[in-house]
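**Student:** after the sequence you'll find the predicted model.
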Amino acid sequence: MPSDEAGTLCAVAHADPPRAVCLLSGGMDSAVTLAEARAAGFSTYALTVKYGQRHACELAAARRVAQALGTTEQREFELDLSVFGGSALTGRGTIPKGRNQAAITAGGVPATYVPARNTVFLALALAWAEALGARDLFLGVNAIDYSGYPDCRPEFLSAFEGLARLATAAGTEHGARFRVHAPLLALTKRDIVLRAEELGVDLGLTHSCYDPLEEGGLVLACGGCDACSLRLKGFREAGRRDPIAYVEPRPAVAGRGSSAPSP
């Protein structure tokens, strides 16, 4: 089964820290997941995929996060999934906006689902892990994701671990057991905001918006897409102010740890 609780993550003591490949999109979930891997004692190798996403500014966010958290190495891999279509994130389809969490989680597979994306991403992470001699993969899926995205569910993660044992030389010849860690799997966005605070992750470096406005070198989150809505709800429930900039200014949130208003 995938590891889904941050408190249970613990790298075995070695003369050199064991290696782990972490999928890093530049969003808050993947940033906190990377921090969890580091906190567990892993030497982290961050993999960022440029897959034809319309919100490509997340690539710059991934670089910022990797540098801030001090990964051993970050690599960017270009694989244009937009050639297949099938998603509003890689095509010209309409990005859903103005939906509350109930509508988001009750609507089935959303228009922003990218066909087989996490399967492809984990396969790339597995390839790098095997080359590195690593046995641990980290992915930032969470409780809200798997309500609508089939490739974010615990069953999928467990199945991928089985595939990794069968599809690699390390697994078939040496009996290696690959582990897919999803430390945020049982967490809400509120929990993730608070966990970021505990781990010292600057969420102002991250990017979540599916439909951002880039203006004069500044990236403004739309505030209305599903990613923005869930992110803002998480900050609001945590009593924190989201430090990133939005097209419309966010109202101040009273409470310990509130940030200054976004520009």
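**Tutor:** Ah, there it is. Residues are numbered from 1 along each chain as shown.
**Student:** tell me what the helix or strand A125 falls within is packed against?
**Tutor:** Per DSSP states H and E, A125 falls inside helix 117-132. With contacts taken as 3 or more CB pairs under 8 Å, 6 or more residues apart in numbering; DSSP states H and E, helix 117-132 sits against strand 19-23, strand 43-50, strand 136-138, helix 154-167. All C-beta atoms are positioned from the backbone trio N, CA, C, and that covers glycine.
**Student:** using TSV, lay out the ones you listed together with mean neighbour count, distance to L59 and mean pLDDT.
**Tutor:** TSV is the format used below for the helices and strands packed on helix 117-132 (neighbours: other CB atoms under 10 Å; distance: least, CB to CB, whole Å; pLDDT from 0 to 100):
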stretch	mean neighbour count	distance to L59	mean pLDDT
strand 19-23	26	13	99
strand 43-50	22	6	98
strand 136-138	27	19	99
helix 154-167	16	24	97
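**Student:** of all these, which one is nearest D80?
**Tutor:** Using CB to CB as the measure, strand 43-50 is the one of those that comes nearest D80, at 7.9 Å.
**Student:** packing partners for the closest one?
**Tutor:** Going by 3+ CB pairs under 8 Å, 6+ apart, strand 43-50 lies up against strand 19-23, helix 28-39, helix 58-69, strand 73-78, helix 117-132.
**Student:** out of these, which gets nearest to R195?
**Tutor:** Nearest of those (CB to CB): helix 28-39, 5.7 Å.
**Student:** show me what contacts A62?
**Tutor:** L24, S25, G26, S30, A46, T48, Q74, E76 (CB atoms under 8 Å, 6 or more residues apart in numbering).
**Student:** ok, 7 Å please
**Tutor:** Applying CB atoms under 7 Å, 6 or more residues apart in numbering, we find A62 in contact with L24, S25, G26, T48.
**Student:** just the endpoints, please. Distance across stretch 103-120?
**Tutor:** 28 Å (CA to CA, to the nearest Å).
**Student:** before we move on, back to that, list just the one of the helices and strands packed on strand 43-50 that sits closest to G85.
**Tutor:** With CB to CB as the measure, helix 117-132 is the member of those nearest G85 (13.0 Å).
**Student:** ok, residues contacting the closest one?
**Tutor:** Helix 117-132 has contacts (CB under 7 Å, 6+ apart) with 19, 21, 23, 45, 47, 49, 51, 77, 79, 81, 135, 137, 139, 151-152, 160, 164, 168, 170, 178, 180.
**Student:** tell me the phi and psi of S82?
**Tutor:** Backbone torsions for S82, taken as degrees, to the nearest 10, come to phi -70, psi -20.
**Student:** confidence score at it?
**Tutor:** Turning to S82, the model gives it a pLDDT of 91.
**Student:** pull the contacting residues for the residue most central in space within the chain.
**Tutor:** Centroid-nearest residue in the chain, with CA atoms, centre = their mean: S30, separated by 2.9 Å. Contact analysis of S30 by CB under 7 Å, 6+ apart lists L23, L24, G140.
**Student:** so what's the residue count around the second one?
**Tutor:** Okay, so that is L24. Using other CB atoms under 10 Å, the number of residues around L24 comes to 30.
**Student:** that one and R63 touch, don't they?
**Tutor:** No: shown here, L24 and R63 do not form a contact pair, counting by CB atoms under 7 Å, at 9.2 Å.
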